[in-house]
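Novice: output the structure for:
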Amino acid sequence: MKEAVISGYRKSFQKRGRATRSEFWYFSLWFLVLDIADQVLNRVFIAHGTVDHSPLPVLFVGMVFSVFVLISAYPLVAVQIRRLHDVGRSGWWVAASLIVSAVTEITVAWEMFTAIKAHALVPFLRSFAAGDHVGLLVGIVAVFALGITVFIFTVLPSEPRENAYGPNPLANAR
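Specialist: Below you'll find the predicted structure:
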């Protein structure tokens, strides 16, 4: 796992090449642990109201850790792109997934904000549940479909031979 995490950070700006399943999944696990730790740390500060009472160094460390987690998302995307390359797929699948997800989330947030501002959240939710917001529903379905597709690509075995993205990273290990 240590080698996969180091490799993930070292190859952060490298979208070319290939990444093995273990490299991708170990780095994903590392990111998940970081994200959970960051969430817990932030919730402890907020839930206990310690933001106002914590000493400055503790808040600074928490803020630096949050920034580190945010920055670590970039190597995660890079290793995911290289993982798709390993199975012969384009990294644009990841880009499409991220773009559709971002547009859908922004649209849902905007619609919710507008409904809350107009004091019409309950009617909005009822009309959404009734299927009146087809565009939002299509976006949500597209997010899930792309997410499942990319997930399936990440669990596929490596292409055994060199492909358009480079030599098999497991060739040297055998």
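Novice: quick one: residues contacting the closest residue to A78 other than its chain neighbours.
Specialist: Sequence neighbours aside, S12 is the residue nearest to A78 in space, at 5.5 Å (criterion: CB to CB, 6 or more residues apart in numbering). For glycine as for every other residue, the C-beta is placed from the backbone atoms N, C-alpha and C. The neighbours of S12, taking CB atoms under 8 Å, 6 or more residues apart in numbering as the test, are Y74, P75, A78.
Novice: list the buried ones in the helix or strand harbouring F68?
Specialist: Using DSSP states H and E, F68 sits in helix 56-86. For helix 56-86, the neighbour count (16 or more other CB atoms under 10 Å) marks 62, 69, 72, 75-86 as buried.
Novice: for the following helix or strand past that helix, buried residues please.
Specialist: Later in the chain than helix 56-86, the nearest helix or strand by DSSP H and E is helix 92-117. If you call a residue buried by 16+ other CB under 10 Å, then helix 92-117 has these buried ones: W93, V94, S97, V100, S101, T104, A115.
Novice: same check on stretch 32-43?
Specialist: L34, D38, L41.
Novice: doesn't F68 make contact with the first one?
Specialist: Yes. Contact between L34 and F68 holds when scored by CB atoms under 8 Å: they sit 7.4 Å apart.
Novice: can you pull out the low-pLDDT segments for this structure?
Specialist: Filtered on pLDDT under 70, the chain yields the residue ranges 46-58, 172-174.
Novice: any idea how it splits into domains?
Specialist: 1-86, 88-161 (automatic domain parsing).
Novice: name the SS class of P157, please.
Specialist: Following DSSP: H, G, I helix; E, B strand; the rest coil, P157 is assigned to coil.
Novice: check contacts around it.
Specialist: For P157, the contact set (CB under 8 Å, 6+ apart) comprises R21, V87.
Novice: look up phi and psi at it.
Specialist: For P157, the backbone dihedrals are phi -70, psi 160 (criterion: degrees, to the nearest 10).
Novice: circling back: same list (the domains of the chain) but as CSV, adding distance to N168.
Specialist: What follows is those, written out as CSV (distance: least, CB to CB, whole Å):
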stretch, distance to N168
domain 1-86, 7
domain 88-161, 6
